[in-house]
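Novice: based on what follows, work out the 3D shape:
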Amino acid sequence: MSERYSFSLTTFSPSGKLVQIEYALNAVTAGAPSVGIKASNGVVIAAEKKQKSILYDENSIHKVEQITENIGMIYSGMGPDYRVLLARARKIAQVYYRRYQESIPTIQLVQQVSNVMQEYTQSGGVRPFGVSLLICGFDNERPYLFQCDPSGAYFAWKATALGKNHLNGKTFLEKRYSDELELEDAVHTAILTLKESFEGVMDENNIELGIADEKGFRRLGPSEVNDYLASIA
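Specialist: Next comes the predicted model:
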């Protein structure tokens, strides 16, 4: 019965589902793994970044992206959809800064990005974004970690995993996470979580890490990533 409604975004099935949103979540589940962990003194986000060919310039595309000086974002799902949402998020942040002369709080950015995603679930002629986001930030002297889904729903997490084998990742995090976790230990835990489903040899070119702490948000360079990989080998 649901197949009759599977091609219409704005029509509910008799069971009360918007089937296209479920298909969008399938695109997220099929995407490359990503992890976010909130520590006591910061947040780490990490993602697998495998290139389809050795001829790619590995520095031309990043999964860990900065939105403001203290907020960053990663994704699982469709890269082009992520690029569009990243541009919208940066614009939202700039509009806020021009109006109030201060950086947008993490929760307000998450709410506005989620509103954009929700608009694409009830408008004709569009489709939902095939991407889930992990947005991290550090403001008001505390860390934040949020997930935004294609439905427009958002959640605050202590730690979570997205993408391929995300259930195994969450199970691993449940065993390793504690509220007293320090940022350095959270980075190690994030790498170990990615390793749970990683195929091949993990190196500084096929994973990306970003951290948000009292100094702001930044993407770790290849040498820093390599040092963390060496410390858990």
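
Novice: okay, and for this structure, where does confidence drop off?
Specialist: Applying pLDDT under 70 to the chain flags the ranges 1-9.

Novice: which strand runs longest in it?
Specialist: Assignment by DSSP state E gives strand 131-139 as the longest strand of the chain.

Novice: next SSE after that one?
Specialist: Where DSSP states H and E defines the elements, the next helix or strand beyond strand 131-139 is strand 142-148.

Novice: contacts for that next one, please.
Specialist: When contacts are defined by C-beta atoms under 8 Å, 6 or more residues apart in numbering, strand 142-148 is touched by residues 36-39, 41-43, 45, 106-107, 110, 113-114, 117, 132-138, 154-160, 162, 212-213. Every C-beta, even on glycine, is put in place using the N, C-alpha and C of the backbone.

Novice: output the longest strand of the chain as PDB, restricted to C-alpha atoms.
Specialist: The C-alpha coordinates for strand 131-139 follow below in PDB (Å, rounded to 0.1, in the frame of the first residue of the first chain):
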ATOM      1  CA  VAL A 131      21.900  14.000   4.700                       C
ATOM      2  CA  SER A 132      22.100  14.100   8.500                       C
ATOM      3  CA  LEU A 133      24.300  16.600  10.100                       C
ATOM      4  CA  LEU A 134      26.300  16.700  13.300                       C
ATOM      5  CA  ILE A 135      26.800  20.200  14.500                       C
ATOM      6  CA  CYS A 136      29.200  21.000  17.400                       C
ATOM      7  CA  GLY A 137      30.000  24.200  19.100                       C
ATOM      8  CA  PHE A 138      31.400  25.800  22.200                       C
ATOM      9  CA  ASP A 139      29.600  28.800  23.700                       C
END
